[in-house]
Structures are given as structure tokens and as C-alpha cells.
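Novice: Next come a sequence and a model predicted from it.
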Amino acid sequence: MLLYVFYILSAITLGTAFLTVISKNAIHSAIYLVVCFFSLAGHYLLFNAQFLAVVHIIVYAGAIMVLLLFTLMLMNLNNEDETSKPLYTKFAAVISAGLLCLVLIAALRKALPENIEYVNSGTDFQSIKVLGKVLLNEYAVPFEFASVLLLVSMIGAVLISKKEEKI
Amino acid sequence: MDSVFIIEKSAIIVAVFALTMLMAMYSTWAERKVAAFLQDRVGPNRAGWGGLLQPLADGAKLFTKEEFFPNTPNKFLFILGPFIAMSTALITSAVIPWGDKIHVFGKDVLLQATDIDVSVLYVFGVLSIGVYGIMIGAWASNNKYSLMSAVRASSQMISYEVAMGLAMISILMMSGSLSLKEITVMQANDGWNIFYQPLAFIIFLICSFAETNRTPFDLAECESELIGGYHTEYSSMKMGFYLFAEYANMFISSAILSVVFLGGYHFPGMDWVNANWGINIGAILGFLALFAKICFFIFFYMWVRWTIPRFRYDQLMHLGWKILIPLAVINIIITGIVMVLFK
Amino acid sequence: MSVQQISLSGRKIEVSNKEMTFLERIYLWTILKGLWTTLKHLFRRKVTIKYPEETRTMSPVYRGQHMLMRDDEGRERCTACGLCALSCPAEAITMKAAERKPEEKHLYREEKYAEIYEINMLRCIFCGLCEEACPKEAIYLTKSKKIVQANYEREDFIYGKDKLVMPLEMAIKNTQSNKVN
């Protein structure tokens, strides 16, 4: 039964992701992206990663996409506003996308998964106690780096939005 | 999965659903009644005794109203809006512990639809999705006032979610668990959280007012500026769903406030009742205690609505970002220090 | 005394921009006081009058629909002197006088009577000055609770003699009760 759930979820994920890219209306594509995030959270749930699933919904669907929708609604994008790009830009876009594909395929081909035996360590990584200990002991450095990254982006945002002082 | 388990859970889910709907229905009646009493009036008193059939009359009226569609290119999203608002308002009640175990048919039944480990996060997740109902519906209405209202509502909800989460963290630090059930059990053992965390309680209370879009933070629906707010273009039962979702939200947030800060189904002397009168009576009394707490909070929401005028938008943002969030952070630090010193 | 200190209503309050104390700035205490005020209203006696069951007592000086009176013999009192029309501040009353024929003696008391007597109910303000002006005690504002009915045509609000003159049965009843007394 879980396999079918996986297939349905994957279909939704891929379908909505595709629709996100091709739909003309910016708001529609944002909404498709939200649905895509939800199906991703469903995938996490299939791994029994409840914490990750819920946090994914809160952060991506609940906060980031809301802010994005917000800006899209305020900008009031219409189909008429969209200027058609010149031919050479389209050409360049196709070539760069092809190159990116090439790089990705090359990288993924090399990165075949090693055949690791997963062992059940017995610790329950769903409990926030264990999760917190792991985050702040073993992975303290990446955790702190992530927070520094967020801080930097926050300071940057404040600097950009600040009015320039008149001299 | 055995069938007994499924039947048991379905029974609880249906009961919780019915309870939420019923409470939301009668909240509309209570709102009008409380409003009337606070203004020295008597309120609805024609439909049934004391106007008790008023919600049914309102529902019948909304159902029979003309279905009106604005000139919008997004009919689907227009219908999706109230649908999302209603479903997010209803699914939160799944994780609220309505009572302790009861013993029926030789089996221990937990009075909770599901006890997931991350129920607090689940609540916050559903809360953050709730914005979509308002945003999508308002945008699809193709109306400037609705859009303004949606922008206000969503920015307000996002801002206050931060302070709410930070206030919650100090509780989580004490309980060490994200499960609402365990938070309740901890309070039953050590005493209610409102006595340990009064500051967190006040912050959480203010934020839940903002999250449910109630006065004094009902900027999304402020009639003097935005006509009807995000549901300006809605009519018939679709508007009914929006209004209904608001009251369902109020019920759920009252339930969460009672569970997190007022000890949930715990009442003084619960252990004695459990030991002497059996756990079934204890659980029923516990449910009634929780219900009484919820009713108090619903009344409090209404009481505040008819007392405090609406905030200005910049005051709202100032309160959220510059006062509540720093206070919540200070509260976390104090909680941490106290926990380190006294353990 | 300068202009700034004059208070005509006697209720002038100086606006003060003083610094708020810490307690006032927290705002919570003020909110609690406000909540206490509204809570007191919760238990106060309700002022609503539940209309169909209870009714308000009418004011003793209540003035309702006009009526052109008849005398004890059922004759119209009005002589179309026009004093009511003259006294009417809203200019709502018009009339046309006519001479009484000998065979109409049982209908009109004086030799002159009002052939047409009209009150425009859209203009009337129910001040009762017509009643005061009338030398023949012909027009009265009754205690009747009947109000002017809503309608679509302006003409329907101009009440003629058909609506204003006291009904004959009422006059007969009055006469009979007067005789008993």
C-alpha cells in the first residue's frame, strides 16, 4: 500500500513541479509550488520523518511561499506586461539549460550511491531531545554556519531596505 | 491495523468534528448574545428559547442566499479559498487531547484523535497554512479591498506567528516534548504552566488574538476602511464558510491555550477522583474541565472584542516585532537560566 | 481673560501631552480596567423593551392623526375660516369653502362649510398649531396610534375629507355616551 502512496505522491510532486514551470500566471505557478511542497512533506512522512515534514510545511509552505505570493499579488503581474524576449536570449537560455543538464548528469553518474547497510541504532531521531543533541554536538559547526548565513542575509536585507542618508 | 482500532479512532474523529462544528455554530450565537449583554441589550431571543435556534436560522438563510460570482478569471481559486479556510480550521482539533484514558468495552481508549510526537509543530504548521485560505480567496475575488485585506491578514499572521512560536519555545523547554499530551501530563504533575510562565501566556494570548483575526487585531476585516475585508465579494454559503472558519479557529485556539497553559483536562483533585471514583468519571470530569476552560477563553475573546478598539496598522506591527518578539526572547533566556540554576 | 481660557460649554478639557508613566505605557493595566468596565455592564439591567409583548407608555402630549370633529347632532363643525391653514407653519393645509344649501342643514353646523379640506401628510409636522388656532373646535390631533402609511404616489399622502372627518358611527356613539352622562 505504501508503494502506491509513494507513486501517487511522486506523480503529484512531478506534475505540480512541471506545472509550476509552464503555467503562464505567476500566482498559479506559486500555488502549484505550494502543492508541490506539500507532496514533498508527504514523502518525508513516508520516511517516518514527522519532524522534518512538519517543519518543511511551516517553513516552506507557511512562510516562504506566503511571502512570495505576497509580492506577486502586490506586483499584479499580467500577461500583457510580459515583454517577449529577443531571439538570442532564448537561444542562450536553451544552451545554458543544456549545459546545466550535462553537468548534472555527469555529476549524478559519478555519484552512484554506495551500498551502505543501514543499521538501526535504536535512537529515536523523531524526539526533539535527540535531534537537539545531535544538532548541537555532532553538527554544531554546520548548524552555526547556517545561522550565520541567515544573519548575513538579514543584515543585507535591512541594508538594502534602509533609506540612504542625505549628506 | 485491526478494525477495532479503526472504529475507535473514527468514533473519536467524528465526535471531535461534531464538537468543533457545534461549538463554532453556537459561538456565533454566543457572540451576539455576549455583545448584546455587554451593551445592555438582550440580543437574539426570537428563534427558540433565548434565541438558541438562531444559528440554524442563520445557516438556513446563508444556504438559501443567491450564489454570486464576481467577474473573476479564477473561479476555481475563488471556490478554493473558503474551502481551505474551513478545512484548516477543522483539522487542528486532531491533536488536542480532550481527556485522559477511559475504560470501555474492556479497552483503554485515549480521548484524542491522534497523539503524534510533533503535535505542537503540527498546530503551527496548520496555522501557517490558514493564511492561504484568505490570500487565495481574496486574490481570486478580483477586488482591491479584498487584496488589501489579504495582504494585511497574511503579514499580520506571519509576524505574530514568530512571537507565538518563541513564546511556545519556553514551554517546550520546560516540557522537553512536542506532544500536547505530554505537556498536559507534565502540568498535571508539576502545576499549570500559567503560574510558571505568565509572560509567555500573555504573549501567546495576544498572538492568538492576532492569529484568529479578532479585535483588537481585526485589521483584515475593518469595515471602515476595507468594506468587508477579504470576503467582500463572497456571498451565500461561501461567505458562511469564512465566517464559520473564524469561529472554528477561535474554538481551536481557545482549546490550545487551555491545553498549553491551563493544564488541559487537568483539574485540582484529579488524582483523588481517579483513585476513588474510577478513571472513567475522572476522564469525563477532565473533559468537562477542559470544556469549561475553552468556554472561558471563547467568552474572553468576545469580551475583549467589545472592550478594546481596533489597533492602527503600524501599531500592530510595532507591537508584534518590537515588543512581543524581544519579550519572548527575554522569556526564553530567563527560562533557560532558571532551568540551569535550579536543576 | 484670554480666548484660550474661555469655555462656552463649561466642559472644556485641556489636552495634556504629558509623558506616560511606565504602568500606562505597558497598557495592560488600562486594558484590565476597560475589561472591568464592560464586565459590569454584563450584569446591568437591560434597557430593551421587547416590543410586541411590552409597549412604551405614550407621552401625555402625544399628537397623532388629525380629525375633523362633528357636533352632538353629527354635523361638521368646520366653517372653512382658514385660520388653521394660516397658522400652519408647514403650510400643509388647504381648503375650499362653499355655502350651505338649505337641505344640507343636518350636515353642516354653520352656513359656510369646507367643500375640500386637505392636509398634506408629507408636509405636516404634527405641531398642533391648527388645533390651537381653530375657533370652532373643529380640528383635533387625536391620540390615535395610526401612522401615515407608506406609499408609492405623492398624491396618496394628501389626506382629504374622506380620511379626516370623524366617522358618523363614532359621532353617534359619542352623542349617546354624552346623553347617558
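Specialist: Looks like it arrived, so ask away. Numbers count the residues shown, from 1 in each chain, chains lettered A, B, ... in the order given.
Novice: contacts and neighbour counts: CA atoms only from here.
Specialist: Noted.
Novice: Which segments of chain A make up each domain?
Specialist: Domains of chain A are assigned by automatic domain parsing as A:1-79, A:122-167.
Novice: Name the nearest residue to residue B:242, ignoring sequence neighbours.
Specialist: Spatially, and ignoring its direct neighbours in sequence, residue B:242 is nearest to residue B:82 (5.6 Å; CA to CA, 6 or more residues apart in numbering or on different chains).
Novice: just the CA coordinates of stretch B:199-208, formatted as PDB?
Specialist: Extracted in PDB, the C-alpha atoms of stretch B:199-208 (Å, rounded to 0.1, in the frame of the first residue of the first chain):
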ATOM      1  CA  LEU B 199       4.800  36.300  30.400                       C
ATOM      2  CA  ALA B 200       4.700  33.500  27.800                       C
ATOM      3  CA  PHE B 201       1.000  33.200  28.500                       C
ATOM      4  CA  ILE B 202       0.300  36.900  27.900                       C
ATOM      5  CA  ILE B 203       2.400  36.900  24.700                       C
ATOM      6  CA  PHE B 204       0.700  33.700  23.400                       C
ATOM      7  CA  LEU B 205      -2.800  35.100  24.300                       C
ATOM      8  CA  ILE B 206      -2.100  38.400  22.400                       C
ATOM      9  CA  CYS B 207      -0.700  36.400  19.400                       C
ATOM     10  CA  SER B 208      -3.700  34.100  19.300                       C
END
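Novice: who's in contact with it?
Specialist: Stretch B:199-208 is contacted from outside by B:160-161, B:163-164, B:167-168, B:170-171, B:194, B:253, B:257, B:261, B:324, B:328, B:331, using CA atoms under 8 Å, 6 or more residues apart in numbering or on different chains.
Novice: Deepest-packed of the domains of chain A, please.
Specialist: domain A:1-79 (a mean of 17; mean count of other CA atoms under 10 Å in any protein chain shown).
Novice: quick check: mean pLDDT across it?
Specialist: On average, the pLDDT along domain A:1-79 is 84.
Novice: got a list of contacts for the longest helix along chain C?
Specialist: In chain C, with assignment by DSSP state H, the single longest helix is helix C:28-42. Residues outside helix C:28-42 that contact it (CA under 8 Å, 6+ apart) are B:34, B:37, B:38, B:39, B:40, B:303, B:304, B:306, B:307, B:308, C:23, C:24.
Novice: Return the set of buried residues in it.
Specialist: C:35, C:38, C:41, C:42 (16 or more other CA atoms under 10 Å in any protein chain shown).
Novice: got the residues you listed as a markdown table, with pLDDT columns?
Specialist: Below are those laid out as a markdown table (pLDDT from 0 to 100):
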| residue | pLDDT |
| --- | --- |
| C:35 | 88 |
| C:38 | 87 |
| C:41 | 86 |
| C:42 | 84 |
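Novice: so residue B:72 touches residue B:142, yeah?
Specialist: Yes - Residue B:72 is in contact with residue B:142 according to CA atoms under 8 Å; the separation is 5.7 Å.
Novice: Compare these two and say which is more crowded by neighbours.
Specialist: residue B:142 (17 against 14; other CA atoms under 10 Å in any protein chain shown).
Novice: can you tell me which residues contact the more buried one?
Specialist: B:70, B:71, B:72 are the contacts of residue B:142 under CA under 8 Å, 6+ apart.
Novice: and of the residues you listed, the nearest to chain A?
Specialist: Lowest distance from chain A to the contacts of residue B:142 (CA to the nearest CA) belongs to residue B:72, with 13.6 Å.
Novice: Distance check, the closest one against residue C:159.
Specialist: 52 Å (CA to CA, to the nearest Å).
Novice: what's the spacing between the residue most central in space within chain A and residue C:168?
Specialist: Central residue of chain A (CA atoms, centre = their mean): residue A:60, 7.1 Å from the mean position. Distance of residue A:60 to residue C:168, computed by CA to CA: 86 Å.
Novice: how about a markdown table for the domains of chain A, with distance to residue B:293 added?
Specialist: Putting the domains of chain A into a markdown table (distance: least, CA to CA, whole Å) gives the following:
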| stretch | distance to residue B:293 |
| --- | --- |
| domain A:1-79 | 28 |
| domain A:122-167 | 29 |
